[in-house]
Structures are given as structure tokens and as C-alpha cells.
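Novice: I would like to see how this sequence folds:
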Amino acid sequence: MANTPEGLVKDKVRAILKAAGIYHFTPMSFGMARSGIPDIIACVNGRFLAIECKAGRGKVTTLQAAEIANIVRSGGVALVITEHDLDLLRSVIRTLHGMVPITIPTPQEPTHDHEVIEAPVARRRTTGT
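Specialist: Numbering: from 1, shown residues only. As a prediction, the model looks like this:
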């Protein structure tokens, strides 16, 4: 996509996620969106993974550092990935894939083998004139 050094890192990260079959998206950061949100949000084996992509030394802004800290504090995984850290990303993905999946039972359809009782309708009393 982008030809900037950071854009190339994002493209490589997306390619790794796609090859692993991982659900991911890039949040839009314009308009009324909150600043500092990581570049890529993913879900690996039921675990939240946020990835901030950087080129070169990978220095994050104060807002990005705060968002990353909030994600980690909430039990998610947050990474700052540069072009030199792609193996780290692969390793984290393998680790998350190896964990016991988080499953939430889906609500069952209600059974209709019982009698449906309708609530009585309140009626207005009328007074005679």
C-alpha cells in the first residue's frame, strides 16, 4: 500500500496476519477518533492483540504509550513492531495460537415446547354519567 517506511512495516505485519488466518483491521484515525490507538487490531485465538507499527527505532508517542499501557492493563497484548521485529510478532502469534482458546457459549434458541402465557391487558375503568 504505502511506500513510507512505516507503511512498508504495516504491509508486512498485515501479510503475516493474513497468512496466519488471523482476523485483523486497521482503525481509522481521522475525524473524531481517539488519538494513540495502535495501527492494527487483531484477535488471535480469542485474545486481543494490538500492534503499533514503526520504522527504524520504533519510538512511540506519549498517547500511543498510554494506549498500549491501557491495553496491557486490561489483559490484552500490545506490541510495537519495526521491520526488525517481525520474528517477534510471529513468535507472539505462535504463543497465542498455542493457548487454550477463549470460547463464549452462544445463546441457545428458546424452546417452544412450553405454553406461552400472555400478560393480561389493563383496561380503563369507565364511570357512568
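
Novice: Quick check: which element contains the nearest residue to residue 76 once chain neighbours are set aside?
Specialist: Excluding its sequence neighbours, the residue lying closest to residue 76 (CB to CB, 6 or more residues apart in numbering) is residue 48, at 3.7 Å. All C-beta spots, glycine's among them, are computed from the backbone N, C-alpha and C. Using DSSP states H and E, residue 48 falls within strand 47-53.

Novice: again, but for residue 69
Specialist: Using DSSP H and E, residue 69 falls within helix 62-73.

Novice: quick one: that helix to chain centroid distance?
Specialist: Per CA atoms, centre = their mean, to the nearest Å, the displacement of helix 62-73 from the mean C-alpha position of its chain is 14 Å.

Novice: Also stretch 45-56?
Specialist: 10 Å.

Novice: Use 49 as the first number from now on
Specialist: Okay, using 49 as the starting number, the last item reads as stretch 93-104.

Novice: Show me which positions of that stretch end up buried.
Specialist: Neighbour counts using 16 or more other CB atoms under 10 Å place 95, 96, 97, 98, 99, 100, 101, 102 of stretch 93-104 among the buried residues.

Novice: between the host helix or strand of residue 143 and strand 95-101, how many degrees?
Specialist: Using DSSP H and E, the element containing residue 143 is helix 134-146. On the basis of axes from the mean of the first three to the mean of the last three CA atoms, to 10 degrees, helix 134-146 is oriented at 170 degrees to strand 95-101.

Novice: Low-confidence stretches in this structure?
Specialist: 49-50, 149-150, 152, 156-177 (pLDDT under 70).

Novice: what's the longest helix in it?
Specialist: Longest helix of the chain, by residue count under DSSP state H: helix 53-67.

Novice: What residues of that helix count as buried?
Specialist: Result for helix 53-67 [16+ other CB under 10 Å]: buried residues 54, 57, 58, 61, 62, 64, 65.

Novice: closest to residue 87 among those residues?
Specialist: Distance to residue 87, by CB to CB, is smallest for residue 58 among the buried residues of helix 53-67, at 5.9 Å.
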